[in-house]
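Generate coordinates for the sequence data below:
(one chain, ligands or ions: 2)
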Amino acid sequence: MATKRLVFNFPPNLIEQPLTYQLITDHKLKVNILRARVTPRERGRLVVEVSGSKKNLDAGLKYASDLGVEVKPLAQNVQWSEERCIECTACTSICPTGALSVEREQMRVSFNEDKCIACELCLPTCPYEAVQIIF
Ligand code: SF4
Ligand code: SF4
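Ligands and ions are numbered 1, 2, ... in the order given. The predicted model follows:
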């Protein structure tokens with residue numbers, strides 16, 4: 001069993017494509033939608049966790065890419081800048097997954113990209129733009 005956290009970027013002509021349904025039924029994958037942003041007639045963005053056998057996962061993601069959906073690993077889309085961060089800890093209480101966390105004794109803030117679901121809650125919280133979403 002393999003699991004991947006991915007970002008699906010849909011061009012406007014594929015917004016209504018039932019991709020997650022097809023991944024579940026045709027490719028026997030488990031699809032957990034972590035975040036969705038779809039604007040009619042514009043691009044759509046879906047952050048998902050997809051699980052299944054490696055063979056099914058590869059086939060399902062190839063199917064999505066062949067359709068014209070851009071498939072990227074989630075970690076490529078969220079960046080934390082240690083240089084910009086002044087470790088004010090404001091983001092650590094708002095981050096729902098603990099991706100941004102503080103080690104209390106040293107008051108050191110760190111970012112674990114494996115835990116990040118790109119919910120973007122930290123973006124308006126950070127006064128120094130230390131966390132950025134790269135589209
Ligand atoms: S986008 Fe920010 S708040 Fe959301 S999970 Fe990632 S680090 Fe945490
Ligand atoms: S809110 Fe910004 S500056 Fe403050 S700890 Fe988080 S990333 Fe660092």
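
Tell me if I am right that residue 31 is in a strand.
Yes: assessed with DSSP: H, G, I helix; E, B strand; the rest coil, residue 31 lies in a strand.

what's the nearest residue to it if we skip its chain neighbours?
With C-beta to C-beta, 6 or more residues apart in numbering as the criterion, residue 31 has its nearest non-adjacent residue at 4.7 Å, and that residue is residue 20. C-beta here means a position set from N, CA and C on the backbone, and glycine is covered the same way.

For that neighbour, report the pLDDT, please.
We have a pLDDT of 90 for residue 20.

go on, the one 5 residues further on?
As predicted, residue 25 sits at a pLDDT of 95.

Now do the SS call for the residue nearest to residue 31.
Put simply, residue 20 is helix when judged by three-state DSSP.

Check residue 64 too.
Assigned with three-state DSSP, residue 64 falls in the helix class.

number of nearby residues for it?
Residues lying near residue 64 (other C-beta atoms under 10 Å) number 22.

you'd agree it is up against residue 8?
Yes: counting by C-beta atoms under 8 Å, residue 64 does reach residue 8; the two are 6.5 Å apart.
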